[in-house]
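*Asks:* fold the following, please.
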Amino acid sequence: MSKIILTGDRPTGKLHLGHYVGSLKRRVELQNSGEFDEIYIMIADAQALTDNAENPEKVRQNIIEVALDYLSVGLDPEKCTLFIQSQIPELCELSFYYMDLVTVSRLQRNPTVKSEIQMRNFETSIPVGFFTYPISQAADITAFKATHVPVGEDQEPMIEQTREIVRKFNFTYSDVLIEPNIMLPDNEACKRLPGTDGKAKMSKSLGNCIYLSDSAEEVKTKVMSMYTDPDHVKVSDPGKIEGNTVFTYLDAFVKEDSFSKYLPEYENLSALKAHYQAGGLGDVKVKRFLNAVLEEELEPIRARRKEYEKNIPAVYDILKKGSEKAEKTAAKTLSEVKTAMKINYFDDVELIKEQSERFK
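*Replies:* So this is what the prediction gives:
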């Protein structure tokens, strides 16, 4: 069986470090591994409209931002298919059929949906499109027969719901759809990178993000204002590592040679943590080290982005060609789905023959 990846992002803003460590960096590694037959990466504009219906311009403007972020981190349109969700009409039709396989109570139990509804204050007025997001996501994944979906751990309930829909469809009709496997980040700290304010998740809506396109000065400002240990008032005070955003980021970004380059008085991260916990190490010094580590990661990304920004029509052309290729794949799956459901009336020669005989 072919190994196929499907993943993507909502174009509601520029992508940030949470996206980068949670999925983008991994996507580039997987793209370059040669292990996968096909890789589809979707800009989920239709899904973004479910809670931005009255502000389509926001979604429209951010299509190019997300595309530039994709290309700048190293996603290669020669190795993966970059496409726009709304340009694949087959996804809507698949979602409509899958809706018959899921109950309202099951959607209400989805932890990701519950937390997203709460975060957006939708408790009393949930848009139907947003509420049925897990079904739409199942359509996205199954349309390309994705075997692997690299996402952050907050998306686990969504992938499980897709697997349920696949099992229900295959049991009810025919073994057409493929159950996807979730691919979580290897680094524990990367599974859910907190916001700069120490909140559980880096989120555009909470304004606690470091964006991939931020300037060096912007990154430095955000790092220096990061949440640490509120009880670590004096340099001499013992500090806590747990819940300390700066150290969580170091867990996610430090490389083997980071200390020899930027903080040679420490052998490794364990030694730095031990000193901080014992007391005698100030937050400013640790933050400056983190800033240097982040700059090493982000500077090449910024440079690539600037190159792509010089030819925006070419970026749109990449998305157009990718969308055309994606639609062909989705159309093939939809045809198989409709055949299994026995709603391919005009292609069913046996049905037409049978009905002809019946009325003779």
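*Asks:* tell me if I'm right that I41 and K79 touch.
*Replies:* No: contact between I41 and K79 fails when scored by C-beta atoms under 8 Å: they sit 10.4 Å apart. In this view, the C-beta of every residue, glycine as well, is placed from N, C-alpha and C.
*Asks:* who has more neighbours out of the two?
*Replies:* Using other C-beta atoms under 10 Å as the criterion, I41 and K79 rank with I41 on top: 25 against 15.
*Asks:* give me phi/psi at the more buried one?
*Replies:* phi -130, psi 120 (degrees, to the nearest 10).
*Asks:* host element of the spatially closest residue to L91 that is not a sequence neighbour?
*Replies:* Spatial nearest neighbour of L91, excluding adjacent residues (C-beta to C-beta, 6 or more residues apart in numbering): A139 at 4.9 Å. Assigned by DSSP states H and E, A139 belongs to helix 133-143.
*Asks:* and what of E324?
*Replies:* Using DSSP H and E, E324 sits in helix 312-340.
*Asks:* Provide the secondary structure category for L281.
*Replies:* coil (DSSP: H, G, I helix; E, B strand; the rest coil).
*Asks:* which one is it nearest to, not counting chain neighbours?
*Replies:* Nearest to L281 is H275, by C-beta to C-beta, 6+ apart, at 4.6 Å.
*Asks:* I figured that neighbour hits G282, correct?
*Replies:* No: H275 lies out of contact with G282 (C-beta under 8 Å); the separation is 10.5 Å.
*Asks:* got the contact list for the closest residue to M224 other than its chain neighbours?
*Replies:* The shortest distance from M224 to any non-neighbouring residue, by C-beta to C-beta, 6+ apart, is to K287 (5.4 Å). By C-beta atoms under 8 Å, 6 or more residues apart in numbering, the contact list for K287 reads V223, M224, M226, T228, V246.
*Asks:* residue contacts, the third one?
*Replies:* With contact taken as C-beta under 8 Å, 6+ apart, M226 is in contact with T196, G198, T245, V246, Y249, K287, L290.
*Asks:* again, 7 Å this time
*Replies:* By C-beta atoms under 7 Å, 6 or more residues apart in numbering, the contact set of M226 is T196, T245, V246, K287.
*Asks:* helix, strand, or coil at the first one?
*Replies:* Here T196 is recorded as coil under three-state DSSP.
*Asks:* quick one: neighbours of it, just the number.
*Replies:* 24.
*Asks:* isn't it right next to T245, touching?
*Replies:* Yes: look at T196 against T245 with C-beta atoms under 7 Å: they come within range, at 6.5 Å.
*Asks:* next, show the common contact partners of those two.
*Replies:* Common neighbours of T196 and T245, using C-beta under 7 Å, 6+ apart, are M226, Y227.
*Asks:* for the stretch 1-150 of the chain, give me the ranges with low pLDDT.
*Replies:* The stretch 1-150 of the chain contains residues with pLDDT under 70 at 123.
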